[in-house]
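> Predicted structure and sequence below. I'll ask about it afterward.
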Amino acid sequence: MIQREAPDDTALVLHPDFGGSDILRIEARLEEAAGLAEALGLRVVDVRSEPVRKLEPSTLFGRGKVETLRAEIETREAKVAVLDCELSPVQQRNLERAWNVKVIDRTGLILEIFADRAQTREGRLQVELARLSYERSRLVRTWTHLERQRGGRGFLAGPGETQIETDRRLLAERMAKLRRELEEVKRTRELHRKRRRAAPWPTVALVGYTNAGKSTLFNRLARAKVMAKDMPFATLDPTMRAIRTPAGRKVLLSDTVGFITDLPTELIAAFRATLEEVREADILIHVRDVSDPDHEGRKADVESVLGALEAGAEHGQTIIEAWNKADRLAEEDRDDLKWRARLPKRPGSPDVAVTSAMTGEGTDALLALLDLALAADDVMLRLRLDPEESEAMAWLHEHGEVIEERSDPETGKLYVVARLNEPDAGRFRARFGVAEIRKERAPAG
């Protein structure tokens, strides 16, 4: 982990450009890399793209470029060099020796931020496992005493065992212990999911790129007070709340960790127990920051992570898009977005609501789309109830929508048409055993 030598550590942020990326994408990566460095408390003195014409296995850059950058690092008195790419342990070690500063790559930077943000025991366990997995291949860089041998007595090391072998073994033991603890977390989460599946409420997960406004939107919809800040990875620990839609449906809404370009594989593996909440959700609301010039690229990144989790539209989940942060756009651009959102959608494309989580704009439209998605498999029940079956009538009002209700003046019986989702229709029949019931598919909308 970065050892901060001063409260205002200065950092030079470099994005190696291997070619093939357009200017918009590179600018988005530069802005993001600088934001990640600042989120870690570093003071960025410069951020820019550096072309890499030929990748050097030992140092990434060519010898001349390494020397040029060393001179600039010395001139700017930078203490940290942040490289917005994945470095091999050898490249990281050699660049640190050449530049005489701490060098951190994109994976290490994100891991550091996660370590700073994790609040719950589960989150800390996940981050530590990911960090140890990352550091395991870098022991030769981060430890200065590894060439020594340990012999003689002691149960930790046999004769002739090198220090690096001892440290690797201790690291493996610690990782095994963390995995066992996370398995317990996973079992606990699975029990919670089973209880939720037994309840008659669908689950909805907010997903999206980091800093797209998911937590702010979650607070707006659930009237909650989850920490929501304009910074990357403000939310690491998932939060769940029950909300009511305009049609009176009760759903469980969850806020999840944000995704990012090239999300480290160590984090995907370590956070799998948490990210399973995404895979288990009935509906995903993809929150997109439409004020970001590269929001289409961010969308592709989110879909890539969803694919790695075996989640998303390709895996049968309904997706609704919230085009968020519309308040940051000019009025003309906002009107254009709303016009595009109203266009007939192509088969397989998601419904869209233009929103501002900060002002509340568009959240009613988003909830209306959620109601429509939840109603896709609704059925209509045509019932005849005796006057004393008031409990059944109350149950219909609580769990569904009563479309029609009339009484026979001669018999006193109630004739009811109610709209319910398929599971609730089954529960109603099993619980009340109504004498006459007819079920039919509900009309769309």
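Done, it's in.
> any idea of the mean pLDDT in stretch 257-269?
The average pLDDT for stretch 257-269 rounds to 74.
> likewise stretch 318-337?
Per-region confidence: stretch 318-337 scores 93 on mean pLDDT.
> ok, and for that stretch, which residues are buried?
318, 319, 320, 321, 322, 323, 324, 325, 326, 329, 334, 337 (16 or more other Cβ atoms under 10 Å). Where C-beta positions appear, they are placed from N, C-alpha and C, glycine not excepted.
> Tell me which two of the residues you listed sit farthest apart.
For those, the maximum inter-member distance is 26.8 Å, found between 318 and 329 (Cβ to Cβ).
> which residues of the stretch 1-150 of the chain fall in helices?
23-39, 63-76, 89-99, 106-117, 121-136, 139-142 (DSSP state H, counting those that start in this stretch).
> Also the stretch 251-400 of the chain?
For the stretch 251-400 of the chain, the helices defined by DSSP H, counting those that start in this stretch cover 265-270, 272-280, 295-308, 331-342, 363-374, 390-399.
> Confidence-wise, which of the ones you listed is weakest overall?
helix 265-270 - the lowest mean pLDDT of the helices of the stretch 251-400 of the chain, at a mean of 68.
> follow-up on the earlier one: go through the buried residues of stretch 318-337 and name the one nearest residue 311.
residue 319 (9.7 Å).
> Just list whatever residues bridge to that closest one.
In this entry, residue 319 is beta-bridged to residue 284, by DSSP bridges.
> Report the contact partners of it.
Contacts for residue 319 (Cβ atoms under 8 Å, 6 or more residues apart in numbering) come out as 283, 284, 285, 286, 312, 313, 350.
> Please report which of those has the highest neighbour count.
When neighbours are taken as other Cβ atoms under 10 Å, the top entry among the contacts of residue 319 is residue 285 (28 neighbours).
> any idea how far that one lies from residue 421?
Taking Cβ to Cβ, to the nearest Å as the measure, residue 285 falls 18 Å from residue 421.
> Residue 243 now?
16 Å.
> Now the residue lying farthest from the centre of the chain: phi and psi?
Seen from the C-alpha centroid of the chain, the residue lying at the greatest distance (Cα atoms, centre = their mean) is residue 410, 59.2 Å away. Backbone dihedrals for residue 410, given as degrees, to the nearest 10, come out at phi -80, psi -50.
> Any idea how many residues pack against residue 66?
17.
> right, and it touches residue 96 too?
No - using Cβ atoms under 8 Å, residue 66 is not in contact with residue 96, being 11.5 Å away.
> helices and strands of this protein: which one has the lowest mean pLDDT?
strand 149-150 (a mean of 44; mean pLDDT, DSSP states H and E).
> Now residue 58. Nearest residue, chain neighbours left out?
In space, and not counting its chain neighbours, residue 58 is closest to residue 94: 5.5 Å by Cβ to Cβ, 6 or more residues apart in numbering.
> Could you tell me the per-residue confidence at that neighbour?
Reported pLDDT for residue 94: 93.
> Please tell me I have it right and it contacts residue 59.
Yes - in terms of Cβ under 8 Å, residue 94 counts as a neighbour of residue 59; the distance is 5.0 Å.
> Residue 183 and residue 114, how far apart?
Per Cβ to Cβ, residue 183 is found 20 Å from residue 114.
> So which of these two has more stuff around it?
Neighbour count, other Cβ under 10 Å: between residue 183 and residue 114, residue 114 has more, with 25 against 11.
> isn't that one right up against residue 129?
No - in this structure, residue 114 is not within contact of residue 129 by Cβ under 8 Å, at 11.0 Å.
> Tell me which residues are up against stretch 339-353.
Contacts with stretch 339-353, where a contact means Cβ under 8 Å, 6+ apart, come from 286, 313, 319-323, 354, 362-363, 365-366, 369, 372-373.
> Kindly report the same for stretch 394-401.
Outside stretch 394-401, the residues that touch it by Cβ under 8 Å, 6+ apart are 200, 247-248, 381, 383, 402, 416, 418-421, 424, 427-428, 431-432.
> does residue 131 really touch residue 116, like I thought?
No - using Cβ under 8 Å, residue 131 is not in contact with residue 116; the gap is 11.7 Å.
> More neighbours: which of these two?
Neighbour count, other Cβ under 10 Å: between residue 131 and residue 116, residue 131 has more, with 20 against 14.
> Could you tell me how many residues sit around the closest residue in space to the more buried one that isn't next to it in sequence?
Distances taken as Cβ to Cβ, 6+ apart place residue 111 nearest to residue 131, at 5.1 Å, with adjacent residues excluded. Neighbour count for residue 111, taken as other Cβ under 10 Å: 25.
> any idea how far residue 111 is from residue 420?
When residue 111 is compared with residue 420 (using Cβ to Cβ), they lie 47 Å apart.
> How about residue 44?
56 Å.
> With residue 51 instead?
61 Å.
> Compare neighbour counts for the two and give me the winner.
Per other Cβ under 10 Å, whichever of residue 51 and residue 420 has more neighbours is residue 420, with 23 against 10.
> Can you check my assumption that the more buried one lies in a strand?
Yes - with DSSP: H, G, I helix; E, B strand; the rest coil as the criterion, residue 420 is part of a strand.
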